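*Asks:* Below is the structure, and that's it, no one-letter string:
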């Protein structure tokens, strides 16, 4: 009986976590700073820089920067306005994508003239940051020295829909590019996963009771 209760409790916690997660909204782009990621404006194994003149929209809860690395280091960002730090956040190391999103506390109001600062920890490999060439007056600065240009920024906030409403769309995309292809592929995988969980629970109960 204790084994069954412990197993049921664990499954209930997992189910509750899944429901809470899927009830949330995926992040969408609220605004960009209009700088294309045409070329690397910074290549280093560890660096920090700040960029003034950023308009941060209300509701921002994530800041996406364009970094390229095979196994990226820890990245931190800060938003400053009027000499005060208004929001900051950090994402852990180990990311591999070209776009890195750092979560920050949701902003209650827009920041029309903010300074965005970032820092990434020392890495075993060179990390590239995407942006575009500008004049020295408009460029970002690292250690009081201008970079070749400005870096690309996307400001993210929760979308109007939850993950539940996107389930069919996600299933459709999951089934693309396969032979045979179709939305049914996602539901088949889900059924197999649930079957594996049920089989594992059965074996645990049989062996431990």
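*Replies:* Yep, it's here. Keep in mind that what you see is a predicted model, and the values were worked out from it rather than measured.

*Asks:* which residue packs closest to residue 22, ignoring adjacent ones?
*Replies:* residue 163 (4.3 Å; C-beta to C-beta, 6 or more residues apart in numbering). Every residue, glycine included, has its C-beta placed from N, CA and C.

*Asks:* ok, how many other residues are close to that neighbour?
*Replies:* Using other C-beta atoms under 10 Å, the number of residues around residue 163 comes to 15.

*Asks:* Residue 112 now?
*Replies:* 11.

*Asks:* in terms of contact, does it touch residue 57 like I think?
*Replies:* No. Using C-beta atoms under 8 Å as the test, residue 112 is too far from residue 57 to be in contact (9.7 Å).

*Asks:* quick one: the strands in the chain?
*Replies:* 27-32, 39-44, 47-56, 62-68, 75-81, 84-91, 99-103, 111-120, 127-133, 141-142, 145-146, 149-151, 153-158 (DSSP state E).

*Asks:* These into CSV, with extra columns for mean pLDDT?
*Replies:* Converted to CSV, those look like this (pLDDT from 0 to 100):
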stretch, mean pLDDT
strand 27-32, 93
strand 39-44, 93
strand 47-56, 96
strand 62-68, 95
strand 75-81, 96
strand 84-91, 95
strand 99-103, 93
strand 111-120, 95
strand 127-133, 94
strand 141-142, 94
strand 145-146, 90
strand 149-151, 96
strand 153-158, 95
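
*Asks:* between those strands, which one is nearest to residue 174?
*Replies:* strand 27-32 (19.7 Å; C-beta to C-beta).
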